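>>> sharing a model prediction with you, sequence too.
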Amino acid sequence: MTDDTLPVLDVPPALKPPVDPAELAHGQLLDGDFWRRIPAYADVDEATFLDHRWQSKYTITRPDKLLRAIEGIAPQGFVDDAAAGFARAPMAVRVSPYLLSLIDWKAPEVDPLRIQFIPLASRFLPDHPKLGLDSLGEQADAPTPGLTHRYPDKALFLVIDTCPVYCRFCTRSYAVGLDTDTVEKVQLKPKKDRWSQAFAYIASRPELEDIVISGGDAFNLRADWIREIGTRLLEMPNIRRIRFATKGLAVMPQKILSDDDWFSALVEVHALGRHTGKEVALHTHFNHPNEITAISQRAVARMFSEGITVRNQSVLLRGVNDTTDSMGLLVKRLGHINVHPYYVYVHDMVKGAEDMRTTVQTALDLEKWVRGTTAGFNTPTFVVDAPGGGGKRNAHSYEHYDRETGISVYTAPSVKPGQYFAYFDPIDRLSEAAQARWADPAQHQAMIDAALEQARNNPA
Ligand SMILES: *Cc1c(COP(=O)(O)O)cnc(C)c1O
Ligand code: SF4
């Protein structure tokens, strides 16, 4: 085409200069055979690496194997530190080759994926004195084992107790994964009689419209279980929405691409939902932009092409996504691959993960910064899941927040009317004076009472 066949359009004058495409980092996804950087995978071709069976088979589930895999590529001091870390951790180990190859082994101490999956003894902080193993009180709100009915119209159904990965900071470390040296778990095995009791309860409650199918992780459900659970729920007249919760998309996207039986089961349940006017969605769990690769994009594209909505729930983690750069890039990159950033959870108060928690103030600052950077429907809500069963509360909605003692107080009028719930910032992030007060058990109740008193009499 020559210039005279098309009218020349003037670019309207700039109000601000265009952004250099090289700076649009959220669209630049890791591609190619990046796994070959790991000596153990140097000869693995793409077809093999993209096969979920290979990923599962070579998933590392024993600390000694993990340590052997990284020997030689990680500094020896790091390997020793990790060996000591595993001995103290409340979570079992499970790391896929895919995850292992996304970690920067030249600087593993600060790598945002290493922090999530591999504990280091040198980073351990003592647990907060107000921390409990089932910090959300999920068992107290369970009418039958593994079904938490806390909110009026929705319930959480923990169908299985295993995951394709084990996260150090897991909220359900009371039940998920194998027993470890420090924790004996509640049993949430995928048993049909336990499921039947949950189905019977759900069917008996007309107010229940929305079921979260979680665990553990829906990725570890067999295809026929996906069909069975999905069909049983969608056939109930009261049910309007279900969601399968899985971190699998983030840690083993290969399954979406190569486990056709599992993927078909999801597509079938989704189609049944469409034909009966009910929503079937998938909720996943990415925490850092480095977890989103060209492989993740292909996996999400396969679901997008089937019309399956994918939403993301992140956990706010110190050293991982607690800066405007990392959180900003995560939110934009999720939007780029058609995953809606739905929630960012302020880290629950779970055992052995104190080094990963951060303050409510961090959540408030990040929310303020992120809002406005992209579409409103791609802007996550920052929530505190109030310890003791208050449920998810917008982080900004505290009745009182004492930044000195790190105590924030929330209420949940539609969930637990009349009750007050306290969340506690990690102690090492407080002033020295406040740290000294927390070191003295005799002062704990006075600090809590003062915060509750303010919440009752001077709500924010
Ligand atoms: C998170 C959660 C739900 C779902 O809540 P949404 O805000 O709709 O995502 C349901 N039940 C329990 C117990 C939960 O923790
Ligand atoms: S995938 Fe979810 S349930 Fe499983 S260990 Fe991680 S945070 Fe816990």
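Yes, it's here. Residues are numbered from 1 along each chain as shown. Ligands and ions are numbered 1, 2, ... in the order given.
>>> quickly list what the residue of the stretch 301-450 of the chain found nearest ligand 2 is bridged to.
Going by Cβ to the nearest ligand atom, ligand 2 is nearest to Val315 of the stretch 301-450 of the chain, at 7.5 Å. Glycine gets a C-beta too; all of them are placed from N, C-alpha and C. Legend: beta-bridge partners of Val315 under DSSP bridges are Tyr345.
>>> my guess is it contacts Val344, does it?
Yes: counting by Cβ atoms under 8 Å, Val315 touches Val344, with 7.5 Å between them.
>>> just the C-alphas of the helix or strand of the chain with the lowest mean pLDDT, formatted as CSV.
One helix or strand of the chain scores below all others by mean pLDDT, DSSP states H and E: helix 63-70, with a mean of 89. Taking C-alpha atoms only, helix 63-70 is exported to CSV below (Å, rounded to 0.1, in the frame of the first residue of the first chain):
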residue,chain,number,x,y,z
PRO,A,63,13.7,-32.5,52.3
ASP,A,64,16.8,-34.6,51.6
LYS,A,65,15.9,-34.9,47.9
LEU,A,66,15.3,-31.2,47.6
LEU,A,67,18.6,-30.4,49.2
ARG,A,68,20.3,-32.9,46.9
ALA,A,69,18.6,-31.2,43.9
ILE,A,70,19.9,-27.8,44.8
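>>> re earlier: between Val315 and Val344, which one's more packed in?
Val344 (25 against 22; other Cβ atoms under 10 Å).
>>> do I have it right that the more buried one meets Thr362?
No: using Cβ under 8 Å, Val344 is not in contact with Thr362, being 10.4 Å away.
>>> now for these two: what residues contact both?
Counting by Cβ atoms under 8 Å, 6 or more residues apart in numbering, the contacts common to Val344 and Thr362 are Leu316.
>>> and Ala22, how many neighbours does it have?
So Ala22, with other Cβ under 10 Å, has 7 neighbours.
>>> so it belongs to a strand, correct?
No: counting by DSSP: H, G, I helix; E, B strand; the rest coil, Ala22 falls outside a strand, being helix.
>>> shouldn't Thr171 be in contact with Val346?
No: taking contacts as Cβ under 8 Å, Thr171 lies outside contact range of Val346: 11.5 Å.
>>> overlap in contacts of those two?
Asp385.
>>> who has more neighbours out of those two?
Counted by other Cβ under 10 Å, Thr171 and Val346 do not tie: Val346 has more neighbours, with 25 against 20.
>>> helix, strand, or coil at the closest residue in space to that one that isn't next to it in sequence?
In space, and not counting its chain neighbours, Val346 is closest to Val384: 4.5 Å by Cβ to Cβ, 6 or more residues apart in numbering. Per three-state DSSP, the secondary structure class of Val384 is strand.
>>> for Gly406, phi and psi?
Backbone geometry at Gly406, expressed as degrees, to the nearest 10, gives phi 80, psi 20.
>>> what about it, neighbour count?
Gly406 has 24 nearby residues by other Cβ under 10 Å.
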